[in-house]
Structures are given as structure tokens and as C-alpha cells.
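> pasting a predicted model and its sequence here:
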Amino acid sequence: SQTIHQWPATLVQPVGSPLSLECTVEGTSNPNLYWYRQAAGRGLQLLFYSVGIGQISSEVPQNLSASRPQDRQFILSSKKLLLSDSGFYLCAWSRQTGEQYFGPGTRLTVT
Amino acid sequence: RKEVEQDPGPFNVPEGATVAFNCTYSNSASQSFFWYRQDCRKEPKLLMSVYSSGNEDGRFTAQLNRASQYISLLIRDSKLSDSATYLCVVSRAQKLVFGQGTRLTINP
């Protein structure tokens, strides 16, 4: 069966500090991978998605970036965090059939 | 106008009641349809896919009306454990678009 891991589970970072969140998927190959953010009390916002190694599509211009160095690894980064970057960051994977499966998420607080 | 619209609720219903949620979507090119469930401070989890012919999974029934572009979810004999936020989701071009969610609380 497939599993998806995200770490860390929670993170408190000061404004202006860098960020690196990692997501890995097990039990499947060549998945589509996604990064979402959910602000407190809000819906899910798609940030990036990837259909293969090195292929990244950005949905919303911002100070975040994503990379996919390996087939089942997806990384979300920032060089300098803003207060508005606080939120619940979710990684998801899917096959071609459309439904997506989410990792446990990282709760980021920028102070 | 949001691409997927849901009544945010909250819906407060007694245990054992039947509750129904609707959602509408604006993009007629939407290809697949889903309901997800999200517990407080947790990740969304797939509840069920929604098919044009309608489909049932235990106490849950989902319907899709492509002509009117709305999706529904019916929960029968509700349990305390059904308390959660229910997300209506449509897909197009390998991406999912999420509604804001409908918050449901089942009361004992």
C-alpha cells in the first residue's frame, strides 16, 4: 500500500528565515505530487504540482519554490519567510485517476 | 465567483438524523468529482468519488447532476464520529479544486 510522509509536523520560524519542508511517497512510482497551503479557517490553496522529476508548475506567485529531486520526493522551500506564510502545509500524491491522498501536514507558524 | 461553492454551515444535527449537503461548480470542463472529509487540524481524507449514476457507500450517498453542475452528499443515521468538515472537490487537468467546506457537528 502507499504511504505519504511529511516532516516536520510543526515548525515555528522567525520572519526572514529560510524554510524547507519535505514530502516522500512510498509504494508507488511516478506519482503526481502537490503542495497545498491552508490558512487558519480557510480552504486549500494549491501552490505547486509536479508530474515528474524536475517538472514543477507554480499556481500562485509568491516567495515559495518547490523542487522534485527524485521520483517520490517533493520539497517546498523559501529563502525568507513572511508572516503571511503561516499555515498548514499539505503534500498530496495522485495517480492518473484524479483522487489525491494527503500527508499529515506541517503546521508552520512564522513569528 | 468561486469555482466550487458550498454552504459553510455550521450544520448542527442530532445523532441519528439524516443530513444533506450540496455544492455547485462553475467549470463545465470539470472531469471528476469527490467528497473529502477533514477533521479539525488534520489532513483531508477521501470520503468517496461521485459518479453520474450516483453511488452509495454504507450510510453515505453521493449524487452528481452535470446539467445543473451540482453535487450532493447525503448522510443517513448520522454518528457522533461524522462530525467534521466536508469538502466538495472537482478535478480538471490533473488538479483538484476544493470548496471551502461545510462544517458538520453531530450532537448526542
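Perfect, I can see it now.
> just the strands in chain A please.
Taking DSSP state E as the test, the strands found in chain A are A:3-7, A:10-13, A:19-26, A:32-38, A:44-52, A:55-58, A:64-70, A:73-78, A:87-94, A:100-102, A:106-110.
> go on, chain B?
Going by DSSP E, chain B shows strands at B:4-6, B:11-14, B:19-25, B:32-38, B:44-50, B:55-57, B:60-65, B:70-75, B:84-92, B:95-98, B:102-107.
> contact partners for the spatially most central residue of chain A?
With distances taken as C-alpha atoms, centre = their mean, residue A:35 lies nearest the centre of chain A, 3.2 Å away. By C-beta atoms under 8 Å, 6 or more residues apart in numbering or on different chains, the contact list for residue A:35 reads A:23, A:46-49, A:66, A:74, A:76, A:89-91. In short, each C-beta sits where N, CA and C put it, glycine included.
> what comes into contact with the helix or strand of chain B with the lowest mean pLDDT?
Lowest mean confidence among the helices and strands of chain B (mean pLDDT, DSSP states H and E): strand B:95-98, at a mean of 91. With contacts defined as C-beta under 8 Å, 6+ apart, strand B:95-98 is touched by A:34, A:43-44, A:46, A:49, A:59, A:98, A:100, B:3-4, B:25, B:27, B:30, B:34, B:36, B:44, B:87-91.
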